[in-house]
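S.K.: Return atomic coordinates for the entry below.
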Amino acid sequence: MKKKKLYIVLFLMAVIAVSNAQNVASYNRSSLYTILVVDPKARMSDEMIEAYMDLPVPDKFNNHNLSLRYVTMSMSDQKKSNNLDETIGEFAKKNLIAKRMVAKWFNRDRETGAFDFSMIADRGLYNASASDLAVAMKSQRGKALLADAGEQLIGNTFLVVHNVTYIDKQEQAEKAQNVLNKISAVSSAFLGTNVVSVAADVGSLISEAVAGFTVNVDSYLYQLQWDNETADGFYSQYYYSKSKVSKSKKAAFEAERDMFKLVYVGSYSSRSDKAVVRGWYNASDVFKQVLARALDKNIVALQKNFENFQVVVPVYQVEGNQVLVQIGLKEGVSATSRYEVIERTEDKKGEVTYTRKGVIRPNPKLIWDNRYMADEEDAVNSDLNYTTFEVVSGSGFYPGMLVREIKYTSGN
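M.R.: Predicted coordinates for the structure are as follows:
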């Protein structure tokens, strides 16, 4: 009887979670897993992998990375594939990426195979605004209410596969490699001499190196499918806790190869912008900077093109007619950007509604430069901690309200 009640509760949670996820204005902090595709025969492929592995997950996403972070695929094999998105999809299916994503969400124990809600609870609480806490603490279930709400985040789990090509011409590759080799020599050979002179020499070499190659990025976006059918099947066939270990369910989950799926959303291709490098860096810093900014550029483009991948962030602070939000150039904020301000409210029955309360636009002179290594460059506005927005319409804004980018028209 207890098992039946537990299943009913879990199933209802899943149904509520899925229905809530349909509201695009809902602040569901998305979880992101990224994979790099690299040609092992390409020049500087090792440096590219090393730089990629050192890059942090964009801070507006939950880190949902698995142990598999990069795959090798020769350029000839890529050219043989008419649809690389389908090839990647087949690879993900073969390697059970979707199932592994679900296992991570439910903190599956490798030894016993048991699941729990600790990650869902943590991310649910992290996702909650002050108003959520106020409502929850008045209920009998208290914070458990917010922990349950975390389950709706599962459907906002994404995989982005970046296919990156660093150098597309032989002579450029040789030039870049030679210059990069000189960087370390210059930075070590002149220790004890005029630091300004050394820094200028190294900066000149790095600028030459950066000018000598370009980064092409093709990014493919997939979303974890978490609907009623999937949730129902998971809870009834595979879920068990550490206190109720089931060898049969453990074996069944490990044998499962078809239930969990990734849905292809779309792609975006671009070429990196020319890096502006100031100061004294080594070759590794150059790679990290160019790669980080190129990947961020594609992430932003995917968000603009596909609404379900959009990032929604809370208002940080309000000062008179100014709204401060902790996003910037890294998230694609520009002078022409427009954002809606959303208020989340919940009635006594637990019904949640999202209402647009107004529109804001960034002050062009106060856009935060939060791109990778902007501080080291001493870039303009890199010392800010937020972007300052001006109110276009609406009033009564307060910290914790939600901000989401909208397509700009003359009416906004």
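S.K.: CA only for contacts and neighbour counts going forward, please
M.R.: Noted.
S.K.: Run a quick neighbour tally on the residue lying closest to Asp46 once chain neighbours are set aside.
M.R.: Spatial nearest neighbour of Asp46, chain neighbours left out: Pro40 (7.9 Å); criterion: CA to CA, 6 or more residues apart in numbering. Using other CA atoms under 10 Å, Pro40 has 15 other residues around it.
S.K.: and if you look at Asp296?
M.R.: Here the number of neighbours of Asp296 (other CA under 10 Å) works out to 19.
S.K.: How about the one 5 residues further on?
M.R.: Counted by other CA under 10 Å, the residues lying close to Ala301 total 19.
S.K.: With Gln322 instead?
M.R.: Using other CA under 10 Å, Gln322 is surrounded by 18 other residues.
S.K.: And Ser67, by the same measure?
M.R.: Using other CA under 10 Å, the number of residues around Ser67 comes to 7.
S.K.: For the remainder of this discussion, apply numbering that starts at 483.
M.R.: That works, and once the first residue is 483, the last one we named lands at Ser549.
S.K.: pLDDT at it, what is it?
M.R.: Looking at Ser549, its pLDDT stands at 95.
S.K.: how close does it get to Thr516?
M.R.: According to CA to CA, to the nearest Å, Ser549 and Thr516 sit 11 Å apart.
S.K.: where does the stretch 633-782 of the chain have low pLDDT?
M.R.: 633, 649-696, 755-765 (pLDDT under 70).
S.K.: what about the helices in it?
M.R.: Counting by DSSP state H, counting those that start in this stretch, the stretch 633-782 of the chain has helices at residues 652-671, 677-693, 710-719, 729-737, 765-787.
S.K.: mind checking the SS state of the residue nearest to Asp528?
M.R.: For Pro522, the assignment made with DSSP: H, G, I helix; E, B strand; the rest coil gives coil.
S.K.: For the closest residue to Ser819 other than its chain neighbours, identify the helix or strand it belongs to.
M.R.: Excluding the flanking residues, the one nearest Ser819 by CA to CA, 6+ apart is Arg843, at 6.2 Å. Taking DSSP states H and E as the definition, Arg843 sits inside strand 834-844.
S.K.: what does that strand rub up against?
M.R.: 507-508, 805, 815-828, 869-879, 894 (CA atoms under 8 Å, 6 or more residues apart in numbering).
S.K.: Please flag which of these sit within strands.
M.R.: Among the contacts of strand 834-844, the ones falling in strands (DSSP state E) are 805, 820-828, 869-876.
S.K.: For those residues, which ChimeraX command selects only the ones that are buried?
M.R.: Here is the ChimeraX command that selects the buried residues among these (16 or more other CA atoms under 10 Å):
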select :805,820,821,822,823,824,825,826,869,870,871,872,873,874
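S.K.: Can you give me the domain boundaries for the protein?
M.R.: Using automatic domain parsing, the domain parsing of the chain gives 484-644+699-752, 658-694, 794-888.
S.K.: Residues contacting stretch 743-750, please?
M.R.: Counting contacts by CA under 8 Å, 6+ apart, the residues outside stretch 743-750 that touch it are 567, 571, 574-575, 580-581, 700-707, 780, 783-784, 788.
S.K.: which of the residues you listed are buried?
M.R.: Neighbour-count burial (16+ other CA under 10 Å) applied to these gives 567, 571, 574-575, 580-581, 700-707, 780, 783-784.
S.K.: Please enumerate the strands of the stretch 533-682 of the chain.
M.R.: Per DSSP state E, counting those that start in this stretch, the stretch 533-682 of the chain carries strands over the ranges 544-545, 552-554, 639-647.
S.K.: neighbours around the residue nearest to Lys786 when sequence neighbours are not counted, how many?
M.R.: Spatial nearest neighbour of Lys786, chain neighbours left out: Gln792 (6.9 Å); criterion: CA to CA, 6+ apart. Summarising burial for Gln792: neighbours were counted as other CA under 10 Å, giving 22.
S.K.: now do Thr569
M.R.: Based on other CA under 10 Å, the number of other residues close to Thr569 is 13.
S.K.: can you tell me how far the residue nearest to it when sequence neighbours are not counted sits from Tyr704?
M.R.: Once flanking residues are discounted, Thr569 sits nearest to Ser563: 6.9 Å by CA to CA, 6+ apart. Distance of Ser563 to Tyr704, given as CA to CA: 18 Å.
S.K.: swap in Ala861?
M.R.: For Ala861, the distance to Tyr704 - CA to CA - is 34 Å.
S.K.: swap in Ala774?
M.R.: In terms of CA to CA, Ala774 sits 20 Å off from Tyr704.
S.K.: same thing with Pro522?
M.R.: For Pro522, the distance to Tyr704 equals 24 Å [CA to CA].
S.K.: ok, now Asn564?
M.R.: Taken as CA to CA, the span from Asn564 to Tyr704 is 18 Å.
S.K.: Then Val823?
M.R.: 27 Å.
S.K.: next one: Ile602
M.R.: According to CA to CA, Ile602 stands 21 Å off from Tyr704.
S.K.: shouldn't Pro522 be in contact with Met555?
M.R.: Yes: contact criterion CA atoms under 8 Å: Pro522 and Met555 qualify, at 7.0 Å.
S.K.: hmm, back to that, make TSV from the strands of the stretch 533-682 of the chain and add mean neighbour count and distance to Pro538 to it.
M.R.: Output for the strands of the stretch 533-682 of the chain, formatted as TSV (neighbours: other CA atoms under 10 Å; distance: least, CA to CA, whole Å):
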stretch	mean neighbour count	distance to Pro538
strand 544-545	16	9
strand 552-554	15	15
strand 639-647	24	14
